[in-house]
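Chemist: Predicted model follows, preceded by the sequence.
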Amino acid sequence: MQEKRASPRLQVDLNVRWKSLKSHGRGAISDLSSSGCFVLTGGDVTAGELVRLQISSRDRLTDVWGLIVYAISEMGFALRFVFADSVEGEALKKRIIDLQAVGATNVL
């Protein structure tokens with residue numbers, strides 16, 4: 001099977017808060033790339049919803065926006081990041097570089 005992802009993924013465990021127009025919750029990012037992530041959470045979301053994530057680790061918070069690609073009930077959702085060629089996109093790329101430096105596992 002050919003890999004569909006455009007960006008390499010890092011296996012991580014990052015706490016997040018998320019919010020859409022209909023729902024909100026807390027969870028953990030289990031894998032992360034510069035183009036998207038998977039959030040482990042029990043929240044109720046649907047594909048196509050716009051979500052704001054607040055990613056926390058150590059002494060840093062990063063806010064990013066994304067569209068839900070798919071959701072698995074009681075497990076979580078996949079999110080594709082959307083940036084307006086903004087500062088948050090650059091902040092996320094820097095965060096990924098920092099995670100690679102501290103030993104997050106690259107799982108493609």
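Modeler: Received, thanks.

Chemist: Please make it C-alpha for all contacts and neighbour counts, starting now.
Modeler: Noted.

Chemist: and the residue most central in space within the chain, bridged to which residues?
Modeler: For the chain, Cys37 is the residue whose C-alpha lies nearest the centre (CA atoms, centre = their mean; 3.5 Å). In this entry, Cys37 is beta-bridged to Leu32, Leu79, by DSSP bridges.

Chemist: Likewise for Ile55?
Modeler: In beta-bridge terms (that is, DSSP bridges), Ile55 pairs with Val16, Thr62.

Chemist: Out of the helices and strands in this protein, which is least certain?
Modeler: The helix or strand of the chain with the poorest confidence is strand 105-106; it has a mean of 48 (mean pLDDT, DSSP states H and E).

Chemist: Do I have it right that the residue nearest to the centre of the chain meets Leu14?
Modeler: No - at 10.8 Å, Cys37 does not count as touching Leu14 under the criterion of CA atoms under 8 Å.

Chemist: what sits against Gly42?
Modeler: By CA atoms under 8 Å, 6 or more residues apart in numbering, the contact list for Gly42 reads Gly25, Gly27, Ser73, Glu74, Met75, Gly76.

Chemist: For ChimeraX, what selects the buried ones among those residues?
Modeler: Burial among the contacts of Gly42 is assessed by 16 or more other CA atoms under 10 Å; the matching ChimeraX selection reads:
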select :27,76
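
Chemist: Any chance of JSON lines for the contacts of Gly42, columns distance to Glu90?
Modeler: Below are the contacts of Gly42 laid out as JSON lines (distance: CA to CA, whole Å):
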{"residue": "Gly25", "distance to Glu90": "25"}
{"residue": "Gly27", "distance to Glu90": "23"}
{"residue": "Ser73", "distance to Glu90": "31"}
{"residue": "Glu74", "distance to Glu90": "31"}
{"residue": "Met75", "distance to Glu90": "29"}
{"residue": "Gly76", "distance to Glu90": "25"}
